[in-house]
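Student: Kindly return the folded structure for what I paste below:
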Amino acid sequence: MVAAVVLLVAHYGFDRTPPIWLWTALSGVAMGILGAGVMLWQQRAVDRGSRTAQRLD
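Tutor: Residues are numbered from 1 along each chain as shown. Purely as a prediction, here's the structure:
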């Protein structure tokens, strides 16, 4: 997240960085949020006793 903010400031404030690095950082943030959501979803499935849930030990 910090890298995305730094790249946004550098790109739009100083026009110094190539846009590919900005999109790479933003997609990394999005994938991290998605992964955290999946982990939370799986943990809730374990808590409610779903037989198909994966245990997160």
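
Student: helices or strands next to the helix or strand residue 6 falls within in the packing?
Tutor: Using DSSP states H and E, residue 6 maps to helix 2-9. Helix 2-9 is packed against helix 19-47, with contacts defined by 3 or more CB pairs under 8 Å, 6 or more residues apart in numbering; DSSP states H and E. For every residue, glycine as well, the C-beta is placed using N, CA and C.

Student: on contacts alone, who are the packing partners of the helix it packs on?
Tutor: Judged by 3+ CB pairs under 8 Å, 6+ apart, helix 19-47 is in contact with helix 2-9.

Student: Run through who's touching the helix it packs on.
Tutor: 17, 21-22, 25-26, 28-29 (CB atoms under 8 Å, 6 or more residues apart in numbering).

Student: how distant is that helix from the center of its chain?
Tutor: With CA atoms, centre = their mean, to the nearest Å as the basis, helix 2-9 stands 14 Å off its chain's centre.

Student: So which bits of that helix are buried?
Tutor: For helix 2-9, burial by neighbour count (16 or more other CB atoms under 10 Å) applies to 4, 7.

Student: Also stretch 38-53?
Tutor: For stretch 38-53, the neighbour count (16+ other CB under 10 Å) marks residue 45 as buried.

Student: from now on call the first residue 277
Tutor: Let's use 277 as the start, then, which means that last one is stretch 314-329.

Student: mean confidence for that stretch?
Tutor: On average, the pLDDT along stretch 314-329 is 87.

Student: and it, C-alpha only, in CSV?
Tutor: Coordinates of each C-alpha in stretch 314-329 appear next as CSV, following Å, rounded to 0.1, in the frame of the first residue of the first chain:
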residue,chain,number,x,y,z
VAL,A,314,-10.6,-15.4,1.1
MET,A,315,-8.8,-16.2,4.3
LEU,A,316,-11.6,-14.5,6.3
TRP,A,317,-14.2,-16.4,4.4
GLN,A,318,-12.5,-19.7,5.0
GLN,A,319,-12.1,-19.0,8.7
ARG,A,320,-15.8,-18.2,9.0
ALA,A,321,-16.6,-21.5,7.3
VAL,A,322,-14.4,-23.4,9.8
ASP,A,323,-16.1,-21.6,12.7
ARG,A,324,-19.5,-22.6,11.5
GLY,A,325,-18.5,-26.2,11.0
SER,A,326,-18.7,-26.5,7.2
ARG,A,327,-17.4,-29.9,6.1
THR,A,328,-15.8,-28.4,2.9
ALA,A,329,-13.9,-25.7,4.7
